[in-house]
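Asker: next comes the sequence, and after it the predicted model I'd like to discuss.
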Amino acid sequence: MPLAAMRVGYGSGEGAAGADGVSANLDESWLTGDPPWLGLFGRWLREGVAAAIPEPNAMVIATVDAQGCPSTRTVLCKSVDANGLVFFTGHDSDKGRDLSANPCASVTFPWIALERQVHFRGLVERVSREVTQEYWASRPRGSQLGSAGSFQSQPIGSRDELEDQARRIAAQFGGVDGTEAVPVPDRWGGYLLRPRRVEFWQGRADRLHNRVRLTLDDGGWHTVRLQP
Ligand SMILES: Cc1cc2nc3c(=O)[nH]c(=O)nc-3n(C[C@H](O)[C@H](O)[C@H](O)COP(=O)(O)O)c2cc1C
Ligand SMILES: Cc1ncc(COP(=O)(O)O)c(CN)c1O
């Protein structure tokens, strides 16, 4: 099928795997909690889990370099609370360098199977070393060794070289089957995105979608409905 002819209609409730609130129109009254995005975001995330969509906590994050050019890639959101969204990555990666130069990011949860997306934008800061260490300790040993064995976003000559490097580094900590703890590399850690703008989007028929945006200013959170 030609790309130009590929399209899906939204708002029938059929594609949405039985999630609540799919047939009802997204309404400002759904915004509950403190901050007011927290309740609905948590509900939609739980519905994404229940609908078994792949990696419902995956979010596409845009960062901007010192020249003002954006880049996007996917990371996993590993916790969310009233402060914001936490993810873990390499500080020396492209995104880590962008965030050092420009500590502002935008993320999108593309829950297309549920005919929904949520965007966040805000300032990003590193989490404490304690928070990073606690999360690191919860990761499977293989993932710890994988992160320790990779200098994220640096070039490497071949797959074989990457595997040799990872094996060499794993051996320093007793190897894949060892029991010695793998320390968190200094170059790896968590970031907290503190939202100042959040948008909930729900697909509707004939491209007449629902969009509700919350913005934080000195007076608190403000809600506005946007045209699709
Ligand atoms: C579903 C999915 C989840 C990912 N989660 C993470 C993550 O949590 N942290 C991370 O550093 N990279 C993650 N990646 C890899 C990144 O998308 C990216 O390739 C990597 O972080 C390097 O990005 P950068 O060079 O732009 O900094 C994930 C990739 C996918 C497809
Ligand atoms: C390179 C990389 N780092 C970190 C993560 C975060 O997830 P986890 O801590 O569960 O490995 C991922 C997830 N795909 C990843 O690909």
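Answerer: Alright, I've got the coordinates. Numbering: from 1, shown residues only. Ligands and ions are numbered 1, 2, ... in the order given.

Asker: if I look at the closest residue to residue 226 other than its chain neighbours, how far off is ligand 1?
Answerer: Among residues not flanking residue 226 along the chain, residue 211 sits closest, at 4.1 Å (Cβ to Cβ, 6 or more residues apart in numbering). Using the backbone N, CA and C atoms, a C-beta is placed for each residue, glycine as well. According to Cβ to the nearest ligand atom, to the nearest Å, residue 211 and ligand 1 sit 25 Å apart.

Asker: show me what contacts residue 211?
Answerer: When contacts are counted by Cβ atoms under 8 Å, 6 or more residues apart in numbering, residue 211 touches 199-202, 225-228.

Asker: helix, strand, or coil at it?
Answerer: strand (DSSP: H, G, I helix; E, B strand; the rest coil).

Asker: is it bridged to anything, and to what?
Answerer: As for beta bridges, residue 211 partners with residue 201, residue 226 under DSSP bridges.

Asker: then residue 81?
Answerer: residue 84.

Asker: look at residue 212 and say how many residues are nearby.
Answerer: Residue 212 has 20 neighbouring residues, counting by other Cβ atoms under 10 Å.

Asker: that one - nearest residue in space that isn't next to it in sequence?
Answerer: residue 200 is the one closest to residue 212 (Cβ to Cβ, 6+ apart), at 5.0 Å.

Asker: on that earlier part again, which one among the contacts of residue 211 gets closest to ligand 1?
Answerer: Within the contacts of residue 211, proximity to ligand 1 (Cβ to the nearest ligand atom) peaks at residue 201, which comes in at 20.2 Å.

Asker: so the residue nearest the centre of the chain: helix, strand or coil?
Answerer: By Cα atoms, centre = their mean, the chain has its centre lying nearest to residue 59, at 2.9 Å. Put simply, residue 59 is strand when judged by three-state DSSP.

Asker: got it, and residue 142?
Answerer: Residue 142, by the three-state scheme (three-state DSSP), is helix.

Asker: any idea which element the residue nearest to it when sequence neighbours are not counted lies in?
Answerer: In space, and not counting its chain neighbours, residue 142 is closest to residue 176: 6.6 Å by Cβ to Cβ, 6+ apart. Secondary structure from DSSP states H and E places residue 176 outside every helix and strand.

Asker: SS state for residue 169?
Answerer: Put simply, residue 169 is helix when judged by three-state DSSP.

Asker: that one touches residue 144, doesn't it?
Answerer: No: in this structure, residue 169 is not within contact of residue 144 by Cβ atoms under 8 Å, at 10.6 Å.

Asker: more neighbours: which of these two?
Answerer: Neighbour count, other Cβ under 10 Å: between residue 169 and residue 144, residue 144 has more, with 21 against 18.
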